[in-house]
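one predicted model, sequence on top.
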Amino acid sequence: MSTTASAESTILPLRAGVPGGTRAGLTRLPGTDRKVVLVSVDEQVRRGALAAADSETVAGAADTARAQRLPLVVVLASSGADIFEGVASLDGWGRAARALAECSGVVPVVVVAYGLAVSGPALLLGMADAVVMTDAAVAYVSGPAAVREWTGQRLDPGELGGQRVHARSSGVAALLAHDEDAALEAVAALLDYLPDHADSEPPFWSSGDPSDRANPVLRDLLPLSATGSYDVRDVIREVADDGEFLELRAAWAPQLVTALCRIDGFPVGVVANQPQSMAGTLDIAASQKGARFVAFCDSFNVPLLTMVDTPGFMPGKDLEWRGMIRHGAQLVFAYAEATVPRVCLILRKAFGGAYIVMDSKGMGNDMCLAWPSAQVAVMGAQGAVQILHRREDAETQARLQVDYEERYLNPYVAAERGFVDEVIDPADSRRAVASALRLLSSKRERLVMRKHGNGPL
């Protein structure tokens with residue numbers, strides 16, 4: 001990897017005299033004034049193999065980032081631990097991994113994967129808050145040869161762990177970039193929404209976009225059919241300052257959108273069901289995606305806006321056997337632990353357990369808003385009638401279904417019980433959300449005294 005740009009912007013090198021292919025230093029991200037601790041592993045030096053000294057450089061950079069309260073950016077391409085050093089290189093990698101773990105929740109940790117990342121170094125990607133992968137990036141714990149020997153499957157490196165795989169199937173890649181320069185630009189764009197450390201507030205950017213700007217287009221966004229789809233990103237654009245937002249892990253579990261935007265100048269994390277994909281149902285991947293994003297935002301004091309339109313959890317034997325209970329509980333746990341300001345906006349369907357886990361009032365949201373189209377209930381009308389009146393004839397069931405929809409599939413029953421704070425005109429969405437977040441900007445919660453929670457993994 002070319003280190004010219006990083007060398008030109010380096011303020012203070014770290015361990016500059018240590019031999020090897022790993023360099024570190026206090027750096028300004030190219031084209032910005034943002035200071036970070038940048039670590040670069042050069043794949044052209046022994047294919048990026050990490051000797052003990054290289055791993056100590058990574059660990060030292062992580063310790064410096066934590067001590068100086070600055071984001072840590074690791075630009076990585078590595079063929080694994082240096083086999084010529086044997087167990088010493090493995091021990092060094094362990095020390096580097098531990099140092100990165102100690103940064104978690106203290107400073108943002110972003111990894112740029114620009115080449116091969118194999119075995120232990122590949123696991124560093126999983127430890128980061130966000131990973132940016134270039135077109136040339138390939139990452140896996142066990143390579144094609146091992147897969148062929150154990151399973152008989154023949155895969156090339158790209159098929160096993162290329163950019164597309166980690167964007168769509170594994171969820172490792174939060175952002176994609178063409179090359180290293182574009183990847184660092186993506187890192188800068190991400191850090192624009194985050195503070196330097198967990199004891200600071202995210203950066204405010206003033207905008208000429210009025211916080212009370214009306215959104216009349218949202219009145220006609222929802223299709224007439226209850227089963228019709230729409231793009232929830234249109235709602236995010238209408239609510240966000242200047243219609244801009246940064247979506248993370250866009251191709252993985254697309255039935256749930258996770259994005260960063262600004263509202264009235266302040267960074268906000270958005271979690272939104274996407275009716276265009278699987279009707280917005282929650283499955284294992286969506287639960288993991290949402291939980292990871294909620295915990296990420298909470299770690300760095302980014303308020304949360306949750307947009308709800310989901311008929312429930314996706315049913316299926318395979319999902320249940322793979323741990324839908326355990327993984328669904330991850331989303332529950334993440335919201336329950338979050339202490340940042342939390343606003344929930346119910347757009348349409350909010351049924352059953354999926355309604356609860358999408359930051360309902362019972363989960364502890366600070367403000368719950370709903371459109372008049374919101375349907376807050378245990379389940380949809382058809383399912384409820386089939387359970388309660390399964391012995392009735394089809395004509396009677398159809399009449400009862402209409403009656404159920406009129407009585408229960410609206411936000412007003414929930415509002416009467418205090419589960420919805422305000423039913424708003426869709427055109428007032430930006431104003432209402434901005435007003436709620438402004439009111440909650442001084443929110444503080446006393447943390448429970450404990451070593452750490454033991455949440456589901």
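Arrived safely, thanks for sending.

got phi/psi on L72?
Main-chain torsions, L72, degrees, to the nearest 10: phi -110, psi 130.

grab the nearest non-local neighbour of it.
A65 (3.9 Å; Cβ to Cβ, 6 or more residues apart in numbering). (Glycine included, C-beta is placed from N, CA and C.)

distance from the helix or strand harbouring that neighbour to the middle of the chain?
Using DSSP states H and E, A65 maps to helix 52-68. Remark: helix 52-68 is offset 26 Å from the chain centroid, using Cα atoms, centre = their mean, to the nearest Å.

got it, and stretch 413-423?
29 Å.

state the mean pLDDT of it.
Averaging pLDDT along stretch 413-423 yields 93.

how about that stretch as PDB, C-alpha atoms only?
The C-alpha coordinates for stretch 413-423 follow below in PDB (Å, rounded to 0.1, in the frame of the first residue of the first chain):
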ATOM      1  CA  VAL A 413     -55.600   2.700  21.400                       C
ATOM      2  CA  ALA A 414     -51.900   2.700  22.300                       C
ATOM      3  CA  ALA A 415     -51.900   6.500  22.800                       C
ATOM      4  CA  GLU A 416     -54.800   6.200  25.300                       C
ATOM      5  CA  ARG A 417     -52.600   3.800  27.300                       C
ATOM      6  CA  GLY A 418     -49.500   6.000  27.100                       C
ATOM      7  CA  PHE A 419     -47.500   3.700  24.800                       C
ATOM      8  CA  VAL A 420     -47.600   6.400  22.100                       C
ATOM      9  CA  ASP A 421     -46.800  10.000  23.200                       C
ATOM     10  CA  GLU A 422     -48.200  11.800  20.100                       C
ATOM     11  CA  VAL A 423     -49.900  10.900  16.900                       C
END
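
host element of the residue most central in space within the chain?
Centroid-nearest residue in the chain, with Cα atoms, centre = their mean: F293, separated by 3.1 Å. With elements taken from DSSP H and E, the one containing F293 is helix 284-299.

quick check: most distant residue from the centroid of the chain.
The C-alpha centroid of the chain is most remote from D393, which lies 46.7 Å away (Cα atoms, centre = their mean).

which residues does it contact?
Contacts for D393 (Cβ atoms under 8 Å, 6 or more residues apart in numbering) come out as none.

and the gap between it and E405?
19 Å (Cβ to Cβ, to the nearest Å).

next: L184.
For L184, the distance to E405 - Cβ to Cβ - is 52 Å.

which one's more surrounded, those two?
Legend: neighbour count by other Cβ atoms under 10 Å for L184 and E405, higher for L184 (26 against 18).

I'd assumed V112 was in contact with that one.
Yes. Here L184 reaches V112: they are 6.8 Å apart, a contact under Cβ atoms under 8 Å.

what's the overlap in contacts for these two?
Common neighbours of L184 and V112, using Cβ under 8 Å, 6+ apart, are V73, V75.

please parse this structure into its domains.
4-191, 216-374+410-442 (automatic domain parsing).

and the closest residue to P216 other than its chain neighbours, how many neighbours?
Closest residue to P216 apart from its sequence neighbours, by Cβ to Cβ, 6+ apart: A427 at 4.7 Å. Using other Cβ under 10 Å, A427 is surrounded by 15 other residues.

what sits against A427?
With Cβ under 8 Å, 6+ apart, A427 has these contacts: A214, N215, P216, L218, R219.

and after the one helix or strand in the chain whose mean pLDDT sits lowest, which helix or strand comes next?
The helix or strand of the chain with the lowest confidence, counting by mean pLDDT, DSSP states H and E, is helix 4-8 at a mean of 46. Next along the chain after helix 4-8, taking DSSP H and E as the criterion, comes strand 10-14.
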